[in-house]
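Asks: The following block contains a protein sequence and its predicted model.
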Amino acid sequence: MLWRVPRFTFRRPDVAVYRCIDDPARKPSAQETILVVEVTSPATAREDLVDKRAPYATAGIPLYLVVVLDEKYDIWEIREFHLDAAADAYRLHAVHRSVLELEQPVRLSLPIADLITA
């Protein structure tokens, strides 16, 4: 859930990473979300690359990754967006084509080929 007011707004990203929540019965909200990932195909590219960015930014989620698939549904690239809180918008930080390297929320170096399953 991104927010309740002025109207209930809910998004279900392909992957969400949350801060640790002490109460296991409580559902996480956008305030605990540190990273969202959307996997896009040619059919959903506009929605994932344009339409979803603004609500996630408004909710204050610091990191947004978009996994871009080609027509064969292979990973073409991963776009890394960081929140510019002053502008309330995401800025493109990096485009990863062979290795996904992140500094936040954890340091990570992962060959993109390792994300592909046969």
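Replies: It's in. Residues are numbered from 1 along each chain as shown.
Asks: Does the closest residue to Leu49 other than its chain neighbours lie in a helix or a strand, and which?
Replies: Spatial nearest neighbour of Leu49, excluding adjacent residues (CB to CB, 6 or more residues apart in numbering): Val66 at 5.9 Å. Any C-beta I mention is one placed from the backbone N, CA and C, and that applies to glycine too. Secondary structure from DSSP states H and E places Val66 in strand 63-69.
Asks: Check what contacts that strand and list those residues.
Replies: 14, 34-42, 45, 48-49, 53, 56-57, 75-83, 90, 102, 104-105, 115 (CB atoms under 8 Å, 6 or more residues apart in numbering).
Asks: just to revisit the earlier point, so in terms of bridging, what pairs with the residue nearest to Leu49?
Replies: Beta-bridge partners for Val66, by DSSP bridges, are Glu38, Arg79.
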